[in-house]
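Trainee: Test case, fold it:
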Amino acid sequence: MGEGDYGTVSAIANERPDIGVTVSSTPTGRRSTFYELCCFPERGYTSWHIPSQRSPLWTEDMEARARAELTQQEYEHEVLAEFGTEELGVFNKEDIDKAARQLWYTYELLNKMQERSIEGQQPPLSFVFSRENPAPQSLLRTVGVEISAPLQSNL
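Mentor: Residues are numbered from 1 along each chain as shown. As a prediction, the model looks like this:
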């Protein structure tokens, strides 16, 4: 199934409470819908992690062949059943994921709807700069970082 097919299947499953959805795949480095369903329990799915070595049919020869024939990344995905590092992109996805979880912050003032949505929670750090309140000087600059999945707050 393609990435866009999940929404169609999910809509059908929501027609009645007795319809369930089981999602199964080999993990890849892509941060796709499958990754979100496995890694974000708030999506309502239970994740099962079953590496190849847990099979009663797995042998030392199979292990040796997998290590000889697969790249490290392929081995992580196919044998260890790990999502591993995202395969495409300029930046290491693990570093971006880690940075995205470090701080909850904003570069603009929250609008009324955003303020209501976080009532009772700690507000984000605010880095709102203007001519009167300029950003501190820094040698570091970030230019165009794209994150394909919505960020999840740990608050």
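Trainee: helix or strand right after whichever strand or helix holds Glu94?
Mentor: Assigning secondary structure by DSSP states H and E places Glu94 in helix 93-102. Going down the chain from helix 93-102, the next helix or strand is strand 105-106, by DSSP H and E.
Trainee: what's the next helix or strand after that next one packed up against?
Mentor: Going down the chain from strand 105-106, the next helix or strand is helix 112-117, by DSSP H and E. Packed against helix 112-117, as judged by 3 or more CB pairs under 8 Å, 6 or more residues apart in numbering; DSSP states H and E, are no other helices or strands. Every C-beta, even on glycine, is put in place using the N, C-alpha and C of the backbone.
Trainee: can I get the CA coordinates of helix 112-117 in CSV?
Mentor: C-alpha atoms of helix 112-117 as CSV (Å, rounded to 0.1, in the frame of the first residue of the first chain):
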residue,chain,number,x,y,z
LYS,A,112,-5.9,32.7,21.4
MET,A,113,-6.7,29.2,20.0
GLN,A,114,-3.2,28.1,20.8
GLU,A,115,-3.3,29.6,24.3
ARG,A,116,-6.6,27.7,25.0
SER,A,117,-5.2,24.4,23.7
